[in-house]
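> make a model of this:
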Amino acid sequence: KGYGQTRNPKKIYVANIPREATQKDLERVFEEAGSVSNIEFKGDFAFVEYEKPNCGEDALRRFDGYELHGKRLLVEPYCYRGGDLRYHYGSGGMTNNRYGSGGPSFNNQMNKGDHDHDNKGGDH
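Have a look, this model is predicted:
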């Protein structure tokens, strides 16, 4: 079995959360789209899960670009990646690419050791 992506229509990924925002702030905003069953608040990003799939889809439409404490939220569908190491949470953190998957950054975690200083061209 390969590394498939499984979408959960009840769950959304929220990024670009301002530092001063609290979990209560997120609950207040996202409950406008429906009954929230769970929020995994991770600081500058969160996962919000609704009780009904249509609520997650409504939240995507309503809150992508929503301004909270002066910052625009990035709201995208949640995709479970089944443990693919390329998407492992590491030093790279989360992407802020609105056209990307909205999940963890694509750092090549497969290479072991420090290979960050390989020749990649360009003189200084």
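
> contacts, neighbours, all on C-alpha from now
Fine.

> now Val14, nearest residue through space, not along the chain?
Nearest residue to Val14 in three dimensions, chain neighbours excluded: Val75, at 4.6 Å (C-alpha to C-alpha, 6 or more residues apart in numbering).

> so what's the one you found scoring on pLDDT?
As predicted, Val75 sits at a pLDDT of 97.

> that one reaches Leu60, doesn't it?
Yes: judged on C-alpha atoms under 8 Å, Val75 makes contact with Leu60 at a distance of 5.8 Å.

> which neighbours do these two have in common?
Ile12 (C-alpha atoms under 8 Å, 6 or more residues apart in numbering).

> for those two, indicate the residue with more neighbours.
Shown here are Val75 and Leu60; by other C-alpha atoms under 10 Å, Val75 has more neighbours (25 against 21).

> can you mark which positions in the helix or strand encompassing that one are buried?
Per DSSP states H and E, Val75 falls inside strand 74-80. Using 16 or more other C-alpha atoms under 10 Å as the test for burial, strand 74-80 gives Leu74, Val75, Glu76, Pro77, Tyr78, Cys79.

> packing partners of that strand?
Applying 3 or more C-alpha pairs under 8 Å, 6 or more residues apart in numbering; DSSP states H and E, one finds that strand 74-80 contacts strand 6-15, helix 53-63.

> go through the ones you listed and name the closest to Glu31.
Among the helices and strands packed on strand 74-80, helix 53-63 comes nearest to Glu31, with 8.9 Å by C-alpha to C-alpha.

> what is the mean pLDDT for the closest one?
Here the average pLDDT along helix 53-63 is 95.

> which SSE is immediately downstream of it?
Using DSSP H and E, the helix or strand that follows helix 53-63 towards the C-terminus is strand 67-68.

> surely Gly34 and Tyr50 touch.
Yes: using C-alpha under 8 Å, Gly34 makes contact with Tyr50 at a distance of 6.9 Å.

> higher neighbour count, those two?
Shown here are Gly34 and Tyr50; by other C-alpha under 10 Å, Tyr50 has more neighbours (23 against 16).
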